[in-house]
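Peer 1: quick one: sequence plus predicted model below, questions after.
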Amino acid sequence: DLEFRAGEQFLRLMRASSLAEWKDAMRMRALVSQNYTYADRAGNILVLWNASLPLLPHQAGGDSAVTVTSLRDVWTQYLPFDALPRALNPRGGYVQNANDSPHFANVREPVNLVNPYPNVEPPMLRLRSQRSLQLVDNNRRVTLEDVVKMKHDYRMLLAERVKPDLLKSVGGTRPQGPVADALRLLERWDDTVAPDSRGAVLFEIWWSRYAQERDEAAQFAVPWSEADPLKTPRGLADPVRAVDSFQWAVEETVRRHGAVDVAWGDVHRVRRGGVDVPVGGCPGRLGCFRVLGFTRDADGRYAATTGDGWVLAVEFAEEPRAYSVLAYGQSAKADSPWHADQAAMFARGEMKRVAFSERDVDRQAITRYRPGERSLVTGLR
């Protein structure tokens, strides 16, 4: 985008030693392609809905042309930085964002966007964001290790919202044979997409069929509502279609994978270099916080290709503690030892300690290099 100041702003953000200095760096407006979450050891937390947002002199036109008769109808300024939507130190001690609108960064203290800026996106809280809020909106004290565990949560929120209606609708037909067996499988399923979870594959195939080419109003008995953001959508709008789709899904699951009770991780894999291992997680549309998107491979299994990749959890203290994982490794070269060395760790839902102090860096060093040396001196430890 020809914004040459981006590197300078990153440097200023990294050097900031207080919230005020961080905000001053953000006022450069050179980095506007993503939202920002902030925390410091003074106890401040902030999530910023970040953009170069035109300050419109008229209502937004969406995808339609807007009549312009003079310069007064043309925007010439951006919305000031200090007017961008944000949540700073809200009640409950948390902020979160999972790629939805800024309104519910904190459900106890929603961001009030009743303002004169007409082109801020409308309120929306999809299932993944709702699961995010379920994990953090409580009064539990958590450790950094607890946060790492929460990040790899395998629950599928969609199942909680519609499975009761599905079981009731299919059960009402008094099914026999394979359909009855599949119904009992879903009754036993724990509504997770853990690698060893059985029932999740069947449920996902059923939902894809049921929801195909239908908007939310045609899928759910109660669509999402801003007035009830954490309990909607829910229920099935079309029980007959749900039953037909389930009967189809039972046969389709067996056709694709050989058994209706195939484990999630037998189908969904992390494949990188020589690594081919089961993984838990699912697309955000199914309500997973541990979000993964998959691409079907030639053998009929699905390889994780989108979603979580780089994960970082930090505890701010006199000496920060952190865990990280980079699913696809530090190198794109297939023959590099750093190409797939973190893939299996990522698939297991594990993370490694980040070396912060000089002592930690020295202890974890694998390769050492100093400018002027002709070659790398490698010593494995």
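Peer 2: Structure's in. What do you need?

Peer 1: now for the closest residue to residue 169 other than its chain neighbours, how many residues are close by?
Peer 2: Nearest residue to residue 169, sequence neighbours excluded (CB to CB, 6 or more residues apart in numbering): residue 239, at 4.1 Å. C-beta: built from backbone N, CA, C; applies to glycine. For residue 239, the neighbour count with other CB atoms under 10 Å is 17.

Peer 1: how close does residue 239 sit to residue 201?
Peer 2: Residue 239 sits 22 Å away from residue 201, going by CB to CB, to the nearest Å.

Peer 1: how much space between residue 283 and residue 302?
Peer 2: 11 Å.

Peer 1: name the residues contacting each of the two.
Peer 2: residue 294 (CB atoms under 8 Å, 6 or more residues apart in numbering).

Peer 1: next, the buried residues of the helix of greatest length in the chain.
Peer 2: If you go by DSSP state H, the chain has its longest helix at helix 239-257. Residues of helix 239-257 classed as buried: 239, 241-243, 245-247, 249-250, 252-254, 257 (neighbour count, 16 or more other CB atoms under 10 Å).

Peer 1: kindly report the same for stretch 32-39.
Peer 2: Residues of stretch 32-39 classed as buried by neighbour count (16+ other CB under 10 Å): 32, 35, 38-39.

Peer 1: which one of those residues is nearest to residue 211?
Peer 2: residue 35 (27.9 Å; CB to CB).

Peer 1: that closest one against residue 26, yeah?
Peer 2: No: at 11.4 Å, residue 35 does not count as touching residue 26 under the criterion of CB atoms under 8 Å.

Peer 1: which residues are common contacts for these two?
Peer 2: With CB under 8 Å, 6+ apart as the test, residue 35 and residue 26 both reach 48, 50.

Peer 1: hey, where'd the strands end up in the stretch 151-300 of the chain?
Peer 2: Using DSSP state E, counting those that start in this stretch, the strands assigned to the stretch 151-300 of the chain run over residues 220-222, 234-236, 268-272, 275-278, 292-296.

Peer 1: tabulate the ones you listed in CSV, adding columns for mean pLDDT and distance to residue 12.
Peer 2: Below are the strands of the stretch 151-300 of the chain laid out as CSV (pLDDT from 0 to 100; distance: least, CB to CB, whole Å):
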stretch, mean pLDDT, distance to residue 12
strand 220-222, 98, 46
strand 234-236, 99, 45
strand 268-272, 98, 35
strand 275-278, 98, 38
strand 292-296, 98, 34
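
Peer 1: of the ones you listed, which is nearest residue 354?
Peer 2: strand 268-272 (21.1 Å).

Peer 1: point out where the chain drops to low pLDDT.
Peer 2: Where the chain drops to pLDDT under 70, the residues are 1, 114-118, 374-381.

Peer 1: nearest to residue 309, of the strands of the stretch 151-300 of the chain?
Peer 2: Minimum separation from residue 309 across the strands of the stretch 151-300 of the chain (CB to CB) falls at strand 292-296, 9.3 Å.

Peer 1: what's the angle from that closest one to strand 268-272?
Peer 2: Calculated by axes from the mean of the first three to the mean of the last three CA atoms, to 10 degrees, strand 292-296 forms an angle of 80 degrees with strand 268-272.

Peer 1: what about the helices in the stretch 151-300 of the chain?
Peer 2: For the stretch 151-300 of the chain, the helices defined by DSSP state H, counting those that start in this stretch cover 157-171, 177-188, 200-210, 216-219, 239-257, 264-267.

Peer 1: most tightly packed of those?
Peer 2: Stretch with highest mean neighbour count among the helices of the stretch 151-300 of the chain: helix 200-210 (a mean of 23; mean count of other CB atoms under 10 Å).

Peer 1: so how far is it from its chain's centroid?
Peer 2: 20 Å (CA atoms, centre = their mean, to the nearest Å).

Peer 1: and what of stretch 137-148?
Peer 2: Taking mean C-alpha positions (CA atoms, centre = their mean), stretch 137-148 and its chain are 18 Å apart.

Peer 1: test my guess that residue 129 contacts residue 103.
Peer 2: No: counting by CB under 8 Å, residue 129 stays clear of residue 103, with 10.2 Å between them.

Peer 1: who's more crowded, these two?
Peer 2: residue 129 (25 against 22).

Peer 1: mind checking the SS state of that one?
Peer 2: helix (DSSP: H, G, I helix; E, B strand; the rest coil).

Peer 1: ok, it - contacts?
Peer 2: 96-100, 104 are the contacts of residue 129 under CB under 8 Å, 6+ apart.

Peer 1: please redo it, this time with the cut-off set to 10 Å
Peer 2: 96-101, 104-105, 107, 157, 229-230, 284, 287, 289 (CB atoms under 10 Å, 6 or more residues apart in numbering).

Peer 1: shared neighbours, residue 129 and residue 103?
Peer 2: Common neighbours of residue 129 and residue 103 (CB under 10 Å, 6+ apart) are residue 229.
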